[in-house]
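# Sequence first, predicted coordinates after that:
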Amino acid sequence: MQVKAMLITTATIAMQVAMASAQNAIPTPKSPPAALVISGQIAISGNATPFLIHHLPVSSFPALPLSVQDELNKRGCAIPQTYEAHRPENVIHADFEGRGATDWAVLCAAQGTVLLLVFFAGGSQPPVVLASAPETERLQAHDRSGVLGFNWGIDPASPGQIADMQLGMTPRPPRLDHDSLADTIVEHKTVYHFYAKSAWTLVKLPD
């Protein structure tokens, strides 16, 4: 009987130790979705020039509304990253429609083409295609390796940011009342799309 009692006690202690270890264990963080890398060559001035483009899956942007994620996945979208990216980019949100709602803009790469999609009202409506281009037309050299990288980036721009850029213009444009969409070729040029009265226009800036 004593032997049996000792065995039961030992088993109980072992179970308690195992439970305590499980409770105190540090959970292993989930690995972020792996980047999708596209590489190849394009002809520039008759020479084969290598390029490298990093993409992220839609799942890398969990803040996206489910309706937006579903639409992007239906289109087979991956999110292209600029060559200077240090964190996930090219998925943004702001008040583009001017109704105080959260709108989203996304660069979607699928089948060799990149679309700039805008989802009004959190994706409750079909997206608007604001711009598009073959992905290989959005490449440029950026370091001594000569390997081309993706150069298209998007960001939100507040009315205050636009007003600061319009300082000195005569006559000075009226201050905008909601956000614009900054559309950038890295290290070259940025244009600002503004939505009002059911149409997109480009914001006027100093020459």
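Yes, it's here.
# could you pull out the helices for this protein?
Assigned by DSSP state H, the helices in the chain fall at 2-24, 66-74, 159-165.
# Compare these and say which comes out lowest on pLDDT.
Between these, the one with the least mean pLDDT is helix 2-24; it has a mean of 40.
# what's the weakest-modelled helix or strand in the chain?
The weakest-scoring helix or strand in the chain, judged by mean pLDDT, DSSP states H and E, is helix 2-24 (a mean of 40).
# From start to finish, how long is stretch 167-179 in a straight line?
Distance across stretch 167-179, first residue to last, is 18 Å (C-alpha to C-alpha, to the nearest Å).
# Just give the number of residues close to the closest residue to Met169 other than its chain neighbours.
Distances taken as C-beta to C-beta, 6 or more residues apart in numbering put Pro206 closest to Met169, at 5.6 Å, once the chain neighbours are dropped. In short, each C-beta sits where N, CA and C put it, glycine included. Neighbourhood size, Pro206 [other C-beta atoms under 10 Å]: 9.
# now do Leu139
Counted with other C-beta under 10 Å, Leu139 comes out at 21.
# Next: Asp143.
The tally of other residues near Asp143 (other C-beta under 10 Å) stands at 8.
# next one: phi and psi at it?
phi -150, psi -180 (degrees, to the nearest 10).
# ok, now the one 4 residues further on?
Its backbone dihedrals place Val147 at phi -70, psi 130, with angles given as degrees, to the nearest 10.
# okay but it is in contact with Ile53, surely?
No. Between Val147 and Ile53 there is no contact under C-beta atoms under 8 Å: 10.3 Å.
# in stretch 119-134, what counts as buried?
For stretch 119-134, burial by neighbour count (16 or more other C-beta atoms under 10 Å) applies to 119-120, 122-123, 127, 130-131.
# Farthest-apart pair in those, please.
Using C-beta to C-beta, the pair of those lying farthest apart is Gly122 and Ala131, separated by 21.3 Å.
# Now do the strands in this protein.
Using DSSP state E, the strands of the chain run over 36-44, 47-56, 79-81, 91-94, 103-110, 113-119, 128-134, 139-141, 148-150, 152-157, 180-185, 189-196, 199-202.
# Indicate which one of those is closest to Leu72.
When these are compared (using C-beta to C-beta), the closest one is strand 103-110, at 6.0 Å.
# Would you mind measuring from Asp177 to Asp207?
Applying C-beta to C-beta, to the nearest Å, the value for Asp177 to Asp207 is 25 Å.
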